[in-house]
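*Asks:* I would like the atomic coordinates for the input below:
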Amino acid sequence: MNKVCIIAEAGVNHNGDINVAKKLVDVAKEAGADIVKFQTFNVDAITSKFAGMAEYQKKNIGLIKSQKEMLSELTLTHSEFIEIAKYCKSKQITFLSTPFDIPSIEFLEQLGGTLWKIPSGEITNYPYLKKIAMTHKNIILSTGMSTLDEVSDAINLLEKNGAGEIILLHCTTQYPTPYEEVNLRAMHTLHTKFGKSFGYSDHTEGIEVAIAAAALGAVVIEKHFTLDRGMEGPDHKASIEFNDLKKMVNSIRNIEKALGSTKKEVTSSEIANISIVRKSIVASKDIKKGELFSEDNLTTKRPGTGISPMKWDDLIGKPANRNYKMDDLIIN
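*Replies:* Modelled structure (predicted):
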């Protein structure tokens, strides 16, 4: 099977500090993630001065600000993103950043790359979707807060304008996501409805849901991470730290191995155990030559190196061809 692509979502957990951003790259690489992803936005292009903060942002920050004020403290310059992209290359981990506005699409396009990640909030943004599609690159599309009709409209718009392969990420846009609102099986609904590969963008606490998504066939897993959940900022508390990120990556890799193939067959590691744990037909008491085998003088015991118990009826009523002691394997 193909390897699950694991995206370590740094997002804005750098708090506007390029040194923190580089440490996040180091953590993602050490944990074994395939991609480390950031968020690129032009504050004036993404939000007006009238847009408020989400409830989880108010709770995490502890201050009531406008979105514009909050986001202004979480930005990196274009030159800093260029530096981070180069740093990722030196660390041999793929750099990715989600654009949240058209100017950011244009900037990130200059950095190259073969992939876009579209966030849930842009799934109804017609000019944004059209702009990305016209680059003809592959797309990972998060579907949080959306109906199937909205997902369909977005896919049609993207494909009409030349988008490459589209992978759909099931997502619940709440931080943290209540377990009862995860609905992991909706990944299969997306696949059945649209015929696309699917994945999961996880906002739950812990790592078990992301691991379960991999077991259910997700080809992409995205998870927010941070250097320290106690840092100030809107997303740190809904993120995981290094130890959990590494544990999640390792668990998903183990799940990949465990899923294996659809074949039901004896594996190479099982062969040596067959004779140890299976049973054979043996004498349950001393049996004299010529005595008829019966349920009174036969039983089944380990090891499985003799006649299989599945041949039981073939032996019952037949004469013994030799003397047997109790526990002797029947070799008639």
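*Asks:* Let me see the ranges of the helices in the stretch 101-250 of the chain.
*Replies:* 102-110, 126-133, 148-160, 186-194, 208-215, 242-259 (DSSP state H, counting those that start in this stretch).
*Asks:* Reformat the ones you listed as CSV; add mean pLDDT.
*Replies:* Formatted as CSV, the helices of the stretch 101-250 of the chain follow (pLDDT from 0 to 100):
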stretch, mean pLDDT
helix 102-110, 97
helix 126-133, 98
helix 148-160, 98
helix 186-194, 98
helix 208-215, 98
helix 242-259, 97
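*Asks:* would CSV of these with mean neighbour count be doable?
*Replies:* Quick note: C-beta positions are derived from backbone N, CA and C, even for glycine. Below are these laid out as CSV (neighbours: other Cβ atoms under 10 Å):
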stretch, mean neighbour count
helix 102-110, 17
helix 126-133, 18
helix 148-160, 16
helix 186-194, 16
helix 208-215, 20
helix 242-259, 16
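*Asks:* any chance of those in CSV, with distance to A272 too?
*Replies:* Formatted as CSV, these follow (distance: least, Cβ to Cβ, whole Å):
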stretch, distance to A272
helix 102-110, 54
helix 126-133, 55
helix 148-160, 50
helix 186-194, 38
helix 208-215, 28
helix 242-259, 20
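*Asks:* nearest to E9, of the ones you listed?
*Replies:* Across the helices of the stretch 101-250 of the chain, the minimum distance to E9, taken as Cβ to Cβ, is reached by helix 242-259, at 10.1 Å.
*Asks:* contacts for that closest one?
*Replies:* Contacting residues not belonging to helix 242-259 are listed as 1, 3-4, 6, 8, 27-28, 30-33, 206-207, 210-211, 214-215, 221, 223, 225, 227, 240 [Cβ atoms under 8 Å, 6 or more residues apart in numbering].
*Asks:* now it and helix 208-215, what's the angle there?
*Replies:* For helix 242-259 against helix 208-215, the angle by axes from the mean of the first three to the mean of the last three Cα atoms, to 10 degrees is 30 degrees.
*Asks:* distance between the very next helix or strand once past helix 242-259 and the chain's centre?
*Replies:* The first helix or strand that comes after helix 242-259 along the chain, using DSSP states H and E, is helix 268-277. Distance, stretch centre to chain centre, for helix 268-277: 33 Å (Cα atoms, centre = their mean, to the nearest Å).
*Asks:* for stretch 78-92, same thing?
*Replies:* 25 Å.
*Asks:* all strands of this structure, in order?
*Replies:* Applying DSSP state E to the chain gives strands spanning 5-11, 35-40, 94-99, 115-118, 138-142, 166-171, 198-202, 220-224, 280-283, 298-301.
*Asks:* Dump the ones you listed into a markdown table; add distance to I316 and mean neighbour count as well.
*Replies:* Formatted as a markdown table, the strands of the chain follow (distance: least, Cβ to Cβ, whole Å; neighbours: other Cβ atoms under 10 Å):
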| stretch | distance to I316 | mean neighbour count |
| --- | --- | --- |
| strand 5-11 | 58 | 25 |
| strand 35-40 | 65 | 22 |
| strand 94-99 | 67 | 22 |
| strand 115-118 | 67 | 22 |
| strand 138-142 | 64 | 23 |
| strand 166-171 | 58 | 24 |
| strand 198-202 | 55 | 28 |
| strand 220-224 | 57 | 24 |
| strand 280-283 | 10 | 21 |
| strand 298-301 | 7 | 17 |
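*Asks:* Redo those as JSON lines? Include distance to C88 and mean pLDDT.
*Replies:* JSON lines is the format used below for these (distance: least, Cβ to Cβ, whole Å; pLDDT from 0 to 100):
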{"stretch": "strand 5-11", "distance to C88": "11", "mean pLDDT": "98"}
{"stretch": "strand 35-40", "distance to C88": "6", "mean pLDDT": "98"}
{"stretch": "strand 94-99", "distance to C88": "4", "mean pLDDT": "98"}
{"stretch": "strand 115-118", "distance to C88": "13", "mean pLDDT": "98"}
{"stretch": "strand 138-142", "distance to C88": "17", "mean pLDDT": "98"}
{"stretch": "strand 166-171", "distance to C88": "21", "mean pLDDT": "98"}
{"stretch": "strand 198-202", "distance to C88": "20", "mean pLDDT": "98"}
{"stretch": "strand 220-224", "distance to C88": "17", "mean pLDDT": "98"}
{"stretch": "strand 280-283", "distance to C88": "61", "mean pLDDT": "98"}
{"stretch": "strand 298-301", "distance to C88": "62", "mean pLDDT": "98"}
